[in-house]
Each structure stands twice: as structure tokens, then as C-alpha cells.
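Visitor: no sequence on this one, just coordinates:
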Ligand SMILES: C[S@@+](CC[C@H](N)C(=O)[O-])C[C@H]1O[C@@H](n2cnc3c(N)ncnc32)[C@H](O)[C@@H]1O
């Protein structure tokens, strides 16, 4: 019986590891969460927003999506996550502690329309930032705040940056897009 339990545990651990590795390969980045210092800096840099839609592009385990929903109760937060396990984790979190203004979607943000965004939040990687830059220019129709952990938009100037004393000395970039 104990042996069976040990085998089952190893099998589940392997399935979880394979799912995370496959998801990271597919998405181009692992679901590593923003550090708590980075998360605080991102939330601090964003201004007060009274209404509108906030997109989180690549929600991971929900470490930013849930605090965003709490900080902006008048806004709708839409969190996209492509990788299966982090997405399921977010769904379980949402069932356990629901936020009425948070929607979690298993979707590639590159296939989404961000036109109604009042803010975009992300911690991605250089190629995804390039893709986002294209989407911003093509889709955004009203002014929008963009806050990114570590990776900058190559063709835009941030209105503010913050370098934080986490393990990676991460830089947080804040942009204000005005059409
Ligand atoms: C580094 S994690 C950041 C997680 C969270 N945003 C945070 O800061 O704590 C990046 C996440 O983006 C997801 N991701 C990458 N490309 C994506 C895409 N095109 N569409 C949806 N999710 C994506 C990955 O699966 C991963 O979970």
C-alpha cells in the first residue's frame, strides 16, 4: 500500500513537472511569479483608475491578477494564461476566494483584442514585448497605462521606472500610451 502511494506521488510529481516544462516551452517563459517587491512596485507605479478594463498578459499563478482585482474594484480585470497548470491553479484560487471583477481566460494574449484597455500589466520576455508593442499600436483606441516587470518596450519611452532590490535587481517600466 505504501509503495503504491509512493508510486502515485512520483507519477503526479512527474505529470506536474512535464506540464510546467511543456507550458513554458509553448509560452516562451516559465510561470515564475513576480517577486513580492516587484509586485508592490508594479501596483505602486500604476495610478488610480476609476473604471475600464485591466489586462494581465500571462497571469501565471495569479500573483498579480488577484491583487489587481482587489486594488481596482471598479475595473474589470481580465487575466490571460496559456499554460494549463497555472491556469487551473488560478481557477481554483478564484473558486476558493472569488473576485467578482476578475475573469481568468485560457487564451494566448496575442490572439486577443486589447482595444478597451485602461491598463496592461505583464512580466513576459523580449519577443512577447515586441508582439505587445505591435498590438498596442494597432489596437489601443484610448489612453492606457502599461506596466512591465523586467522587459521594456523597445520603441517607447517609459514615463517612470523603478529598480527594486529583489534577487535580480529587476526594473519595472511604466508607460502611458496616448493615441
Ligand atoms: C513570468 S510569468 C509571470 C506571471 C505573473 N504575471 C507574475 O508577474 O507573477 C509569465 C506567464 O506568462 C504566460 N504567457 C506567456 N506567453 C503567453 C501568451 N502568449 N498568452 C498567455 N499567457 C502567456 C506564461 O505561461 C507564464 O505563466
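Guide: In hand now; what should we look at? From a predicted model like this one, the values you see are computed outputs, not experimental measurements.
Visitor: tell me the bridge partners for the closest residue to residue 160 other than its chain neighbours.
Guide: Leaving aside its chain neighbours, residue 160 sits nearest to residue 174 (4.3 Å; criterion: C-beta to C-beta, 6 or more residues apart in numbering). Using the backbone N, CA and C atoms, a C-beta is placed for each residue, glycine as well. For residue 174, the beta-bridge partners are residue 147, residue 160 (DSSP bridges).
Visitor: OK, contacts around the nearest residue to residue 65 once chain neighbours are set aside?
Guide: Nearest non-adjacent residue to residue 65, counting by C-beta to C-beta, 6+ apart: residue 79, 3.8 Å away. Neighbour list for residue 79: 55, 56, 59, 62, 65, 90, 102, 103, 104, 105 [criterion: C-beta atoms under 8 Å, 6 or more residues apart in numbering].
Visitor: any idea how many residues pack against the closest residue to the ligand within the chain?
Guide: Scanning the chain for the residue nearest the ligand gives residue 58, at 2.1 Å (criterion: C-beta to the nearest ligand atom). By the criterion of other C-beta atoms under 10 Å, residue 58 has 24 neighbours.
Visitor: same deal with the one 5 residues further on?
Guide: Here the number of neighbours of residue 63 (other C-beta under 10 Å) works out to 21.
Visitor: got phi/psi on the closest residue to it other than its chain neighbours?
Guide: Leaving aside its sequence neighbours, residue 63 sits nearest to residue 33 (C-beta to C-beta, 6+ apart; 4.0 Å). Backbone torsions of residue 33, given as degrees, to the nearest 10, read phi -80, psi 160.
Visitor: ok, residue 33 - contacts?
Guide: Going by C-beta under 8 Å, 6+ apart, residue 33 touches 39, 60, 61, 63, 64.
Visitor: can you pull the contacts of the residue of the chain closest to the ligand?
Guide: 27, 29, 80, 81, 82, 109, 122, 123, 124, 128.
Visitor: count of neighbours near the fourth one?
Guide: Yep, that's residue 81 we're talking about. 29.
Visitor: ramachandran angles for it?
Guide: phi -140, psi 130.
Visitor: ok, it to residue 16 distance?
Guide: Distance, residue 81 to residue 16, using C-beta to C-beta, to the nearest Å: 16 Å.
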